[in-house]
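A.B. asks: Quick one, what's the 3D model for this:
(2 chains)
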Amino acid sequence: MESRIARAGNAGPKVRSDCEIILELKERGGIEIELDSKVKSLYGESIRNLVNEILSFYSIRHASVILNDSGALPFVIAARAEAAIKQLKNTDLEYLPDFLSNNSYMVKRDRFRFARLYLPGNTPSLMINAGLHGADSIILDLEDSVAPDRKDEARILVRNALRQVDFYGAERMVRINQGERGQKDIKGILPHNVHLILIPKCESEGQVRNIDQEIQAMGRSLNLKSQVYLMPIIESAQGVENAYTIATSSKNIVAMAIGLEDFTADLGVHRTKEGKESFYARTRLVVASKAAGIQPIDSVFSDVADMEGLRANVRESKALGFEGMGCIHPRQVRVIRQGYAPDESEIEKSKQIVLAFRKAREKGLGVVALGSRMIDPPVVARAGRIIDLAVSLGLLQSGWEESTDLQEE
Amino acid sequence: MGRKYRSSGRVKIKHNDMVVRTVINAAGREVPLEINGQPVIPFEGVGKHKPDGMKYGPPIPVCSDYPDDGNKVVRSLEEALRRCGLRDGMTVSTHHHLRDGDLVSNKVFEVASGMGVRDLVWFPSASFPCNEEVIKYLDDGTVNRIEGSMNGPLGRYVSEGRMKGTAVLRSHGGRVQAIQDGEVKIDIAVLAAPSADKFGNARGTGGPSACGVLGYARADFLYASRVIIVTDNLVDLPCFPMEIEGNYVDYVVVVDKIGIPEKIVSGTTRVTKSPDRLLIAEFTASFLDKSGILKDGITMQAGAGGTSLAIAVFVHEMLKARNWKAKFGFGGSTKYMVEMLEQGQMGYILDAQAFDLDAVASVERNDNHIPYPVFNAYNYHSKGNLTSMMDIMILGATEVDVNFNANVVTHSDGCLLHGIGGWQNCLHARNVILPLPLFRDRIPVIVDEVTTLCGPGELIDVIITERGIAINPLRKDLLESIEGSGLPVKTIGELKDEAERICGKPAKPEFTDDIVAVVKWVDGTVIDVVRKVKQS
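C.D. replies: Residues are numbered from 1 along each chain as shown, chains lettered A, B, ... in the order given. I've put the predicted structure just below:
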């Protein structure tokens, strides 16, 4: 006999902004909801209404529901209910909360990706305010931070978060699982304005191509307006050896990251703060990325309490050529962004390039020259972004043009 | 009295199920004209009510009634209470300097219950979760009501309408005002003292139960008819420097323990680790900076909550970087304030209570860490208020509404949750800033209308949330000062809409007509009431 009872979500004294739903399908008796919630007096009725609406959406007429709520937002409750239902009922129907109009923005492929904040895909409390901390990107993670038996409910939660949580302009990334599960992930999340997909444990160009093709095909059938970018993560010796072919395997790849926890495990060595054991892999990844014209991204720094260690780590990472790093705690965002931010000489150089560009445009010249050197358009574009960034970080006053002269060599 | 108010009908209040006339006060709230059988004055507006008459005076004592050798020690608390003439209906006061480690106030009612005394009024300067035991004596009739802060289980007890009398909630300053003006006549003050001599001189330092200062007990010993000192550390005369003077004391009781040391002060107070709260703290520091409020010679107060402490740390960094110095800080003091003092970024700490061990130690170590009772700082019926001299005031709230009115006593579900503390008194500072999360779990903090009005919006200047900063439109100067600063300024309405967009529009808690508590304003007028919640 098939199971009639399902459970989804989380409850317990330490859980916040989540709920646990225990659903039992019945033959008769209508819908019974037992609600335990600390926000019962304010939202009890709206929680019941939501659960009833979802059950009726899935044509469930007889069921008992136990809902242990610790202040879950509606998109979380909806995700948990749907996940429980889908354990008992074979259906492709999706109960989609409204798509927040603030969430329809697009991003450019060459934007900075200094700090990308990882968010465990099954922990709603960490998602709600994630966009407030100034990360360039947020990563909703379906892979390593989600327990194997929670993959399905996490996918639904992440989908609802993509629709309902305002990430305040951060690039919206999802790290998918490997293999078949990864395909399910793509199918589940792609229609909800995902900007970039992280491909974990990438070892070959074939792996990227398969995923890319799948995304393209699905994108066409969904009529997606914008391109979905890719970021392979290299986490093995094999991956490092194939870094360049992976980096060039799709034009949609915009960056490539290294994951040192798995890489050092693959080598059979310990990961140290000095990182001698991964020096070759890191420089190899930087060189391959630069050769392919994409951004090399460094591994996360796992000691969230050690801000000085992080600062030193970022300094060295930038010196090696990396252009960003993952964050596993919001407090790391600022240190990382400051660390990768342009220094004085870069800003100075960018100012000169921008001024030279403007001068060339005024004169109607097609070619930008700084002294005797010709400047390529991508370099001009990058200089412009560095200037914008320097202004946004307070490193440069807006209106700097007034007080800067073009240095003719 | 009814002359200024619109009559609004008749409402039942808890005390003996009495029905009294209510009016609409100047804040638009329906309040009774009588509480616990005594007439009260409805709120008339900020700074509007002018008292007349004389201050209250306790009975005149005479030396010949007290031992010539100055030894006022008696054998037990019960003997002291008997000799003080404890009887039905009396008002007994205690202070809260032993915080959640207090072993004295519960004991008073245990003894009183054993003596068969009934219908006492407990008048604490604050209550803590450890005082849950008092529910037993409310149930058995020993205590009629509590006039003082109520939180946790006591708050719920009152909100469910189980207390016989009607609770009266006052600010720390309002409590002093009520005592001074004779609104509350303390029959017996039972004052725990970490150190005392046999004559009754007492202080907050020394001994196993040191709490730092005893400032909240000042009005009690000056105005109570009878004063009992309870100590676990009897020292040789004179107990110096005394905060409580023996000339005001009737009896001294020596017990094994007045408190549980680790619960009297938190070992350490800690800056929040929550990234969201740190963000709010950063916004606050940045606002203080960019608005020009922060400058050399400022005066400030910040509480002991994790976010406030983070703000204090950021302010300290800014003062240090610019070689500025705060003139003084008003405590509740914490190790972070002590660091400012000792590293030269603060001239003095004026201190009503020490929140952590570093602060307790600092009171003994630093001459410029000065015990400064709320009696002097907060009383609105006095010749000046310390809080109105403060430049920066960082406060909390459970709710703020679109008119900047704030609530600190009830939860959004309508249940009493916190005392007022010094909160109302502090609203008179030059810049009152409330750093708050936009919502707690799913509960919006910015709402259409506060459940209970504790502070009028005209006194609240800035709300700082993780999703934006709202400045009271009355403060055009502040709005102008941060123009172009890049800070995320929004209207309070926009913040409320954002909270509702995320959380959903909350239902209103449901109440019965029964009034279970009244909230006094700093001048003794009634600003709002708390009604019994409808049980679901």
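A.B. asks: Find the residue closest to the closest residue to chain A within the stretch 101-250 of chain B in space, skipping its chain neighbours.
C.D. replies: For the stretch 101-250 of chain B, the residue closest to chain A is B:Ser159, as judged by C-beta to the nearest C-beta, at 11.4 Å. C-betas here are computed from N, CA, C, even on glycine. Distance criterion C-beta to C-beta, 6 or more residues apart in numbering or on different chains; nearest residue to B:Ser159, sequence neighbours excluded, is B:Cys415 at 4.2 Å.
A.B. asks: Help me confirm that the one you found comes into contact with B:Gly161.
C.D. replies: No - taking contacts as C-beta atoms under 8 Å, B:Cys415 lies outside contact range of B:Gly161: 11.3 Å.
A.B. asks: And these two? Which one has more around it.
C.D. replies: Just comparing B:Cys415 and B:Gly161: by other C-beta atoms under 10 Å in any protein chain shown the higher neighbour count belongs to B:Cys415, 21 against 15.
A.B. asks: Contact partners for residue 258?
C.D. replies: You didn't pick a chain, so chain A it is. For A:Ile258, the contact set (C-beta atoms under 8 Å, 6 or more residues apart in numbering or on different chains) comprises A:233-235, A:240, A:278, A:281-282, A:285, A:296-299.
A.B. asks: That was the other one, I meant chain B.
C.D. replies: With C-beta under 8 Å, 6+ apart, B:Ile258 has these contacts: B:98, B:102-104, B:192-194, B:209, B:230-232.
A.B. asks: Let me know the pLDDT of the residue of the stretch 201-350 of chain A found nearest chain B.
C.D. replies: The nearest approach of the stretch 201-350 of chain A to chain B comes at A:Pro330, 3.7 Å away (C-beta to the nearest C-beta). As predicted, A:Pro330 sits at a pLDDT of 96.
A.B. asks: Next one: it from A:Val146, what distance?
C.D. replies: Distance, A:Pro330 to A:Val146, using C-beta to C-beta, to the nearest Å: 19 Å.
A.B. asks: quick one: pLDDT of B:Asp514?
C.D. replies: 91.
A.B. asks: Can I get the strand or helix carrying it in PDB? Just the C-alpha atoms.
C.D. replies: Here B:Asp514 sits within strand B:511-520, counting by DSSP states H and E. Listed next in PDB are the C-alpha coordinates belonging to strand B:511-520 (Å, rounded to 0.1, in the frame of the first residue of the first chain):
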ATOM      1  CA  PHE B 511      -9.900  42.100  23.100                       C
ATOM      2  CA  THR B 512     -12.800  42.100  25.500                       C
ATOM      3  CA  ASP B 513     -14.000  45.400  27.100                       C
ATOM      4  CA  ASP B 514     -12.200  44.600  30.400                       C
ATOM      5  CA  ILE B 515      -9.300  46.900  31.200                       C
ATOM      6  CA  VAL B 516      -6.500  44.900  32.800                       C
ATOM      7  CA  ALA B 517      -3.800  47.600  32.900                       C
ATOM      8  CA  VAL B 518      -3.300  51.300  32.300                       C
ATOM      9  CA  VAL B 519      -0.200  52.900  30.900                       C
ATOM     10  CA  LYS B 520       0.800  56.200  32.500                       C
END
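A.B. asks: Go ahead and name everything in contact with that strand.
C.D. replies: Residues from elsewhere that reach strand B:511-520, judged by C-beta under 8 Å, 6+ apart: B:11-14, B:31-32, B:35, B:40, B:150, B:158-159, B:161, B:163, B:166-171, B:174, B:178, B:409, B:414, B:416, B:420, B:452-454, B:526-534.
A.B. asks: May I see the buried residues of that strand?
C.D. replies: Of the residues in strand B:511-520, B:511, B:514-520 count as buried by neighbour count, 16 or more other C-beta atoms under 10 Å in any protein chain shown.
A.B. asks: I figured the residue of the stretch 201-350 of chain A closest to chain B was touching A:Ala130, is that so?
C.D. replies: Yes - counting by C-beta under 8 Å, A:Pro330 does reach A:Ala130; the two are 7.3 Å apart.
A.B. asks: A:Arg385 and A:Arg113 touch, don't they?
C.D. replies: No - with contact defined as C-beta under 8 Å, A:Arg385 does not reach A:Arg113; the gap is 11.7 Å.
A.B. asks: quick one: which of these two has more around it?
C.D. replies: Taking neighbours as other C-beta under 10 Å, A:Arg385 and A:Arg113 compare with A:Arg113 leading, 25 against 15.
A.B. asks: Compute the number of surrounding residues for residue 56.
C.D. replies: If you meant another chain, say so; for now it's chain A. Other residues near A:Ser56 number 11, with proximity taken as other C-beta under 10 Å.
A.B. asks: actually it's chain B I care about, not the one you picked
C.D. replies: For B:Tyr56, the neighbour count with other C-beta under 10 Å is 15.
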